[in-house]
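Trainee: here is my input; please provide its structure:
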Amino acid sequence: STILGVAHQMGLGAESASIVEVWQALRQGIPAQNIIYDSPAKGAAEISHALSIGLLLNLDNTSELRKTREALESLRHENILKSSQRIGLRINPQMEPGAIATTSTATKTSKFGFASKEGDVDPVELYLQNPFLNGIHVHTGSQGCPLELSAQGVGEALRMAVEVNERAGTQQIQHFDMGGGVPADYDTDDDSQEFQEYRDLIDAHAAGLWEQGFHVYTEMGRRPFNLLLSRLTRASFESALQRRWGGPQLEWKQ
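Mentor: Next up, the predicted model:
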């Protein structure tokens, strides 16, 4: 939780893959409006709680969509619903797998999200049938996924968002959440080039994203803190060895 506290002090929010992570973020002072709730297996009570406190909620499947409709109706009846909701669908752009196939979360056969091309339901129609859906989320994976693959996924989500808004005749999709991002690199201190490369690739594959009037969110996972965490872990391990056995002294990789 200390890293969360530091992130909050830096003005960052939190992407939470479970309700426990939501609670941890709230305990560290991160406001609900700066928390994204992405769990792919949300219960009805969790969805209701997320809506009642104003999290950005990304839905993974039709079961969660049904639970959300029911929760919205119940919360409105009880008059405890936040005035503005941020609810999106997780889109699977159905890309090729990255270098680590088992952790690539946006392939044609991935179980996560709503398939954008070859699926049981058309996510565009789901948006039009459920006007309360005002966000879109895409996550192709991070570790093992080349930056261009992630940027292509962003481009597919943008294509769908534009189509929804054009067919709805209004800016129905207002929130654009880009998951994944830059893979963790444990060998260098300079990450500025990779972040700039990712931005350039997004501009190439999702041209016009920044001019659509979206509230854009990024999820970089462990990337902003991976070097700090790996060094703290190694320093803690070395300290424990020295306390218990008087060594050995580890050589730090520069």
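
Trainee: centroid-nearest residue for the chain?
Mentor: residue 179 (3.8 Å; Cα atoms, centre = their mean).

Trainee: now it: closest residue in space that isn't a chain neighbour?
Mentor: Across the structure, with Cβ to Cβ, 6 or more residues apart in numbering as the measure, the residue nearest residue 179 apart from its sequence neighbours is residue 139 (3.0 Å). Just so you know, the C-beta spots here come from the backbone N, C-alpha and C atoms, and that holds for glycine as well.

Trainee: that neighbour: neighbour count?
Mentor: As a burial measure, the neighbour count of residue 139 was computed by other Cβ atoms under 10 Å and equals 29.

Trainee: any stretches of the stretch 51-200 of the chain with poor pLDDT?
Mentor: Under the criterion of pLDDT under 70, the regions of the stretch 51-200 of the chain flagged as low confidence span 82-83, 95, 97-108, 141-144, 181, 184-193.

Trainee: ok, now with 50
Mentor: In the predicted model, the stretch 51-200 of the chain carries no residue with pLDDT under 50.

Trainee: and residue 68, what is it in contact with?
Mentor: Residues in contact with residue 68, defined by Cβ atoms under 8 Å, 6 or more residues apart in numbering, are 47, 51, 57, 59, 87.

Trainee: so which residues of the stretch 51-200 of the chain form helices?
Mentor: Using DSSP state H, counting those that start in this stretch, the helices of the stretch 51-200 of the chain run over 62-77, 123-129, 147-168, 192-205.

Trainee: what distance do you get for the closest residue to residue 114 other than its chain neighbours to residue 206?
Mentor: Using Cβ to Cβ, 6+ apart and skipping the chain neighbours, the partner closest in space to residue 114 is residue 123 (4.1 Å). With the distance defined as Cβ to Cβ, to the nearest Å, residue 123 ends up 17 Å from residue 206.

Trainee: circling back to that earlier point, of the helices of the stretch 51-200 of the chain, flag the one that's most buried.
Mentor: Scoring these by mean neighbour count under mean count of other Cβ atoms under 10 Å gives helix 147-168 as the most buried, with a mean of 20.

Trainee: CA atoms of that one as CSV?
Mentor: What follows is helix 147-168, C-alpha atoms only, in CSV (Å, rounded to 0.1, in the frame of the first residue of the first chain):
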residue,chain,number,x,y,z
LEU,A,147,4.0,-1.5,-28.4
GLU,A,148,2.6,-1.6,-31.9
LEU,A,149,0.2,-4.4,-31.0
SER,A,150,-1.1,-2.3,-28.1
ALA,A,151,-1.5,0.7,-30.3
GLN,A,152,-3.4,-1.3,-32.9
GLY,A,153,-5.8,-2.3,-30.2
VAL,A,154,-6.3,1.3,-29.3
GLY,A,155,-7.0,2.0,-32.9
GLU,A,156,-9.7,-0.7,-33.1
ALA,A,157,-11.4,0.7,-29.9
LEU,A,158,-11.4,4.2,-31.4
ARG,A,159,-13.0,2.9,-34.6
MET,A,160,-15.8,1.3,-32.6
ALA,A,161,-16.2,4.4,-30.3
VAL,A,162,-16.6,6.7,-33.4
GLU,A,163,-19.1,4.3,-34.9
VAL,A,164,-21.2,4.2,-31.7
ASN,A,165,-21.2,8.0,-31.5
GLU,A,166,-22.1,8.5,-35.1
ARG,A,167,-25.0,6.0,-35.0
ALA,A,168,-26.2,7.3,-31.7
